[in-house]
Every structure is written in C-alpha cells, then in structure tokens.
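Trainee: curious how this folds, go ahead:
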Amino acid sequence: MERGAHGHNGHLIRLVVADCHQFYLDAIGQSLAQVGGIIVIGQAATATAAIDLVRRHVPDLVLLDLAMLGTDLHLARNIKIASPATKIVILTALVEEDKLLLALRAGASGYLQKDLSARELAVAVRAIHADRVPAPSPVADRQLAELGQEQLLSLLDELTLREREVLD
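Mentor: Got it, this is the predicted structure:
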C-alpha cells in the first residue's frame, strides 16, 4: 500500500458506489482510486447489487445516487438494516429538497452534488467518515431547523403547566 493511503486515524475508508449511470460509477471509481485513504470496494448499478455489496463487504460508507432511492426510500433503509454502521451519502445532480430530507430521515448521513471535483469528493468523504459535515447546505439547514423544532415541541409537551407558565 502506498504512503498516505490511509484515512482518518490510519483507517482505510472502504466504500461502495451505487449509481444507475455507468459513467458516474466509472468516473467516481477512477477519481477516488487516485486519492489516498479511500478505496472503492464495490460498484453497483442496481439497488439489488448495492444491497448485496453492502451485505458482503460491510463498507464504511456508501455513495448512493438519489435516483436509485425509489419513492419509498427502501434502498436507504435496507442498507441501514444490512449494515447499521455504514454511512450513506446521497449523490445528486439536482437538489430535490423534499427527497433529500426524506433520505436524511431514512438514515443518510448527508448528501453531495455530483459537480464536485475528485479532490472535493475525497475531502467530503473523509469529513463524513469522521462524523463531520463537509459543508453547510440549505437542505441540511432546513432539516436541522425542522428537527430542532420537533425536539422543542416534544420537550414542551413534557413540561408541567407551571413550567409552561414560567416560560410564557
């Protein structure tokens, strides 16, 4: 293994790329092969192949094309069932906020747009692998705001009448 080929804490980041377009599979695989610390252990052009690869290899991360999720997001859920520790990162050419929010709720750790350079993709993969958000985004901001509001409402429901009066 070449020098610098390990990622966060000396750990080689193992990932599966799932995209229904062969061009993106090839481009992502070739781009990340040039970057140290990340190894593409499998590529899938179908949902079934993606699940099989996840079950067989238990990758650290799956780069998953938004178009492959399906309307009920079964693929994201099935990946999390097959390998709960595997992080899912949605790849998208166009930001479809509603679908991305659903994907994040189904277990995705984040999303990246397909217009990234190979270097930017590697930086983002490393950041997500290390539990850091690679960059702020309107969708993530909206999700955090919605989740924050839901948690706040949940906490308010637990307050006694007197506690609510004091807050008013």
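Trainee: what is the end-to-end distance of stretch 39-59?
Mentor: Start to finish, the residues bounding stretch 39-59 are 10 Å apart (C-alpha to C-alpha, to the nearest Å).
Trainee: show me the contact partners of it.
Mentor: 12-22, 25, 28-29, 32-33, 62, 64, 68, 70, 74-75, 78-79, 82-83, 85-86 (C-beta atoms under 8 Å, 6 or more residues apart in numbering). (Each C-beta comes from the backbone N, C-alpha and C, glycine too.)
Trainee: run the last query once more with 7 Å
Mentor: 12, 14-20, 22, 25, 29, 32-33, 62, 68, 75, 78-79, 82-83, 86 (C-beta atoms under 7 Å, 6 or more residues apart in numbering).
Trainee: so for it, mean pLDDT?
Mentor: For stretch 39-59, the mean per-residue pLDDT is 95.
Trainee: what bridges to the residue nearest in space to the middle of the chain?
Mentor: With distances taken as C-alpha atoms, centre = their mean, Val89 lies nearest the centre of the chain, 2.0 Å away. For Val89, the beta-bridge partners under DSSP bridges are Leu63, Gly110.
Trainee: and it, how far from Gln30?
Mentor: Separation of Val89 from Gln30 (C-beta to C-beta, to the nearest Å): 18 Å.
Trainee: do the same with Ser83
Mentor: Distance from Ser83 to Gln30, by C-beta to C-beta: 25 Å.
Trainee: those two: which is more packed in?
Mentor: Ser83 (19 against 11; other C-beta atoms under 10 Å).
Trainee: right, and Tyr18 touches Val62 too?
Mentor: Residue 18: Ala, not Tyr. Yes: the criterion here is C-beta atoms under 7 Å, and Ala18 meets it with Val62 at 6.2 Å.
Trainee: contacts only, for Gly107.
Mentor: Residues in contact with Gly107 (C-beta under 7 Å, 6+ apart) are 76-77, 80, 88.
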